[in-house]
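Asker: predicted coordinates and the sequence they were generated for:
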Amino acid sequence: MWWDLLIAIGVGLAAAWLALLIALLLIRPKGALLGEAIRLLPDLLRLLRRLAADKSLPRGVRVRLGLLMVYLALPIDLIPDFLPVIGYADDAIIVAFVLRSVVRRAGIEAVRAHWPGTEDGFTALSRLAGLHKAAGPAAGAPGDAGGQRSPG
């Protein structure tokens, strides 16, 4: 009898994993976006660490950031990293969701204050993670005008 329950749980988990895999295939970063995300990785990791250590942020935000860093450090992923492109897409999507959550709770100013990279890098991070959408129309991210920067 309990075998039936274990089998049902296993089938349910497999179905959920398959649904997630299909969703990630549909919304994965493509082409230039993927390259841009990879270039931002060192600054992004420093940002996550700085935000998680900031005692002025709400505890829930710091806990989410800590759990995100643990997830990123674990060798086990939702989608194995050895799968081309899609293997790292799950990490990028989860980071984007957590950063949007941080912006909603702490404000984009907190993320901007801790950003260790360049202004162009912050603009790219905002575009990739949709931070300007999470912050609302009044607190738009830099480069909100279609992602174009003036040439001077």
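Answerer: Yep, it's here. Numbers count the residues shown, from 1 in each chain.
Asker: CA atoms for contacts and neighbours, from now on please.
Answerer: OK.
Asker: how far away is residue 16 from residue 82?
Answerer: Distance, residue 16 to residue 82, using C-alpha to C-alpha, to the nearest Å: 20 Å.
Asker: same deal with residue 105?
Answerer: For residue 105 relative to residue 82 (C-alpha to C-alpha), the value is 34 Å.
Asker: compare these two (neighbour count), which wins?
Answerer: residue 105 (16 against 9; other C-alpha atoms under 10 Å).
Asker: surely that one touches residue 59?
Answerer: No - with contacts counted by C-alpha atoms under 8 Å, residue 105 stays clear of residue 59, the gap being 10.5 Å.
Asker: in this structure, which residue is most central in space?
Answerer: Of all residues in the chain, the one closest to the mean position by C-alpha atoms, centre = their mean is residue 95, 1.6 Å from it.
Asker: quick one: which helix or strand includes that residue?
Answerer: According to DSSP states H and E, residue 95 maps onto helix 86-106.
Asker: list the buried ones in that helix?
Answerer: By neighbour count on 16 or more other C-alpha atoms under 10 Å, the buried set for helix 86-106 is 86-93, 95-96, 98-106.
Asker: which strands and helices lie in contact with it?
Answerer: helix 2-27, helix 59-73, helix 108-114, helix 119-129, helix 131-135 (3 or more C-alpha pairs under 8 Å, 6 or more residues apart in numbering; DSSP states H and E).
Asker: the ones you listed: which one's closest to residue 41?
Answerer: helix 119-129 (9.8 Å; C-alpha to C-alpha).
Asker: next, the angle helix 86-106 makes with that closest one.
Answerer: 100 degrees (axes from the mean of the first three to the mean of the last three C-alpha atoms, to 10 degrees).
Asker: give me the mean pLDDT for helix 119-129.
Answerer: For helix 119-129, the mean pLDDT works out to 82.
Asker: ok, stretch 57-77 next?
Answerer: 87.
Asker: list the contacts of that stretch.
Answerer: 48-49, 51-54, 91, 94-95, 98, 101-102, 105-106 (C-alpha atoms under 8 Å, 6 or more residues apart in numbering).
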